[in-house]
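K.L.:
Sequence below, structure please.
(one chain, ligands or ions: 1)
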Amino acid sequence: MEKSKNKCWVCGSYDLVKIKDSNVTEELVSDNYAITNSDYGKTGELSKCLNCHFIQCTKENDVIHFYENLVDTEYETTRAQRKIQEQRILKLIHKFKPKGNLLDIGSGSGILVEAALEMGYDAEGIEPSVWLHKKAKERGLPVHNGTFPMKNIDDEYDIIVLVDVIEHVNNPKQLISEIRKKLKTEGIFVMITPDVSSFFARILKFRWWHYRIAHIGYFNKKNLKLLTNSSGYKQILFKRPSWYFKIDYLVKRLYKFLPSFLHIPIPQFIRQIVIPLNLGDSMLVIYKKNDD
Ligand SMILES: [Zn+2]
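P.N.:
The predicted model follows:
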């Protein structure tokens, strides 16, 4: 194992070892970063921190321009089932904060923002992709184009949401510290990210569906806690969220893991059914500010 000069983005240790070579052969373009990209197992070079076990991409982490140019038409076709997902998240949020202003960072085309507005929240989002921002605007949703932190948004929020974003950034500690500054004293922060120590991640190893180019940081329950505790947060809820998919979407992805003789034809009407799926490989955590 080869030691690297890189610093762990979570604990700051230099004790990092390379665990995977890059298997990216083509020149990367925005399509590689699409939300619905299914090139599982394709990543840049990955290193693991021996101190906190966080896994991070060691090279080519300057990825924001890919998100700015991102066009993801398949994502828009999955809007209905994604909305069910967002409504579930909001139901959990509602238990802690039944009203107030909400900011969704990395809001895509504003699906969570739309669902939050329908529930009576004063919601807005921030999205780097020009195309996804345009899709939100076409629906009249209050989504800003750009990255967080950003001017022209409220000074403080009751609720800040970061769904499947933290694994895409090369400065997770800085990001959640900036988020904390924007939280009201009694505000809550909601984060979802894949769990690299989950059952499926362990058995599938680098074939696990969350190993993909766009994911440059891989957390487990322990180092996520380390990151948030050291940034002034206190966990108030931990949950394994379900995701909602059309059977068609799942079948197409499942086939990638199966030999072709197992690609059994499935009728269209069944493919259109939306089902919840809980693989236990994602973490949903709600935090408040820790002022102790
Ligand atoms: Zn570390």
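K.L.:
Next secondary structure element downstream of the longest strand belonging to the chain?
P.N.:
For the chain, the longest strand by residue count, based on DSSP state E, is strand 183-194. Next helix or strand after strand 183-194 toward the C-terminus (DSSP states H and E): helix 199-204.
K.L.:
quick one on the thing from earlier: contact partners of the longest strand of the chain?
P.N.:
The contact list for strand 183-194, computed with C-beta atoms under 8 Å, 6 or more residues apart in numbering, reads 89, 92-93, 96-97, 156-167, 176, 179-180, 201, 210, 215, 218-219, 224, 228, 233, 236, 241, 281-289, 291. Heads up, the C-betas are built off the backbone N, CA and C, glycines and all.
K.L.:
go with 6 Å
P.N.:
96-97, 156-164, 166-167, 179, 210, 219, 282-289 (C-beta atoms under 6 Å, 6 or more residues apart in numbering).
K.L.:
which of the residues in the helix or strand hosting residue 174 are buried?
P.N.:
Applying DSSP H and E as the criterion places residue 174 in helix 172-181. For helix 172-181, the neighbour count (16 or more other C-beta atoms under 10 Å) marks 172, 173, 175, 176, 178, 179, 180 as buried.
K.L.:
what about dumping the CA coordinates of the longest strand of the chain to CSV?
P.N.:
Taking Å, rounded to 0.1, in the frame of the first residue of the first chain, the C-alpha atoms of strand 183-194 are listed here in CSV:
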residue,chain,number,x,y,z
LEU,A,183,-28.9,28.0,10.5
LYS,A,184,-31.1,29.8,13.0
THR,A,185,-30.3,29.0,16.7
GLU,A,186,-33.1,26.4,16.8
GLY,A,187,-32.7,25.4,13.1
ILE,A,188,-32.2,21.9,11.8
PHE,A,189,-29.9,20.5,9.2
VAL,A,190,-30.9,17.4,7.2
MET,A,191,-28.3,15.4,5.3
ILE,A,192,-28.5,12.2,3.2
THR,A,193,-25.5,10.3,1.9
PRO,A,194,-24.6,6.7,0.9
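K.L.:
For it, give the mean pLDDT please.
P.N.:
Mean pLDDT, computed over strand 183-194, is 97.
K.L.:
now it, how far from the chain's geometric center?
P.N.:
Put simply, strand 183-194 sits 14 Å off its chain's centre (C-alpha atoms, centre = their mean, to the nearest Å).
K.L.:
List the buried residues for that strand?
P.N.:
183, 184, 187, 188, 189, 190, 191, 192, 193, 194.
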